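Trainee: from the sequence below, what's the structure:
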Amino acid sequence: MDNALRSRSKQISSDDPYRWFARYLLEGKVLNELRGLKDMLNDDPGMITRKKPASKIALLVSALSSKGISSAEMLTKHWAEEDNKFLFKYLKSWVKKEKSSEAKRLWIHTVKKRIARSSGTLE
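Mentor: Numbers count the residues shown, from 1 in each chain. Reported below is the predicted structural model:
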């Protein structure tokens, strides 16, 4: 293996898919219902993929990777079949204090809508 390829392979981590998914989820690019969430955050979700050390990043990425969730479909399935509160406790550390009630309502609405859509029922 040449040095350039070895260097590139070291830069790719096993948690990268979960980092990118977490970033795009918080940016509202994964679930349209969460588009407004980004304005409620106390930090730029871009820091997740820049791999800055922060406990809130580690907790969020670890939660996703421990369940193998890296897509909207996998997240919705997990909400519907296992835990409809999954990720919410990690979201709290990302949200501005004054926006916490608004973010909670948005999150709950999104989860309910996604579960209903996945089961074929309408609200």
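Trainee: what strand or helix carries the most centrally placed residue in the chain?
Mentor: Closest residue to the average C-alpha location of the chain: residue 22 at 3.2 Å, with Cα atoms, centre = their mean. According to DSSP states H and E, residue 22 maps onto helix 16-26.
Trainee: what residues sit buried inside whatever helix or strand comes next after that helix?
Mentor: Downstream of helix 16-26, the next assigned helix or strand under DSSP H and E is helix 55-67. By neighbour count on 16 or more other Cβ atoms under 10 Å, the buried set for helix 55-67 is 56, 57, 60, 61, 63, 64, 65, 67. The C-beta positions use only the backbone N, C-alpha and C, and glycine is treated the same way.
Trainee: same deal with stretch 77-86?
Mentor: So for stretch 77-86, counting by 16+ other Cβ under 10 Å, buried means 78, 79, 80, 86.
Trainee: can you give me the end-to-end span of that stretch?
Mentor: One end of stretch 77-86 to the other measures 11 Å (Cα to Cα, to the nearest Å).
Trainee: which stretches of this protein have low pLDDT?
Mentor: Where the chain drops to pLDDT under 70, the residues are 1-12, 121-123.
Trainee: angle of the helix holding residue 22 against helix 55-67?
Mentor: Angle of helix 16-26 versus helix 55-67, following axes from the mean of the first three to the mean of the last three Cα atoms, to 10 degrees, is 120 degrees.
Trainee: how about helix 16-26: buried residues?
Mentor: Judged by neighbour count (16+ other Cβ under 10 Å), helix 16-26 contains these buried residues: 17, 18, 19, 21, 22, 23, 24, 25, 26.
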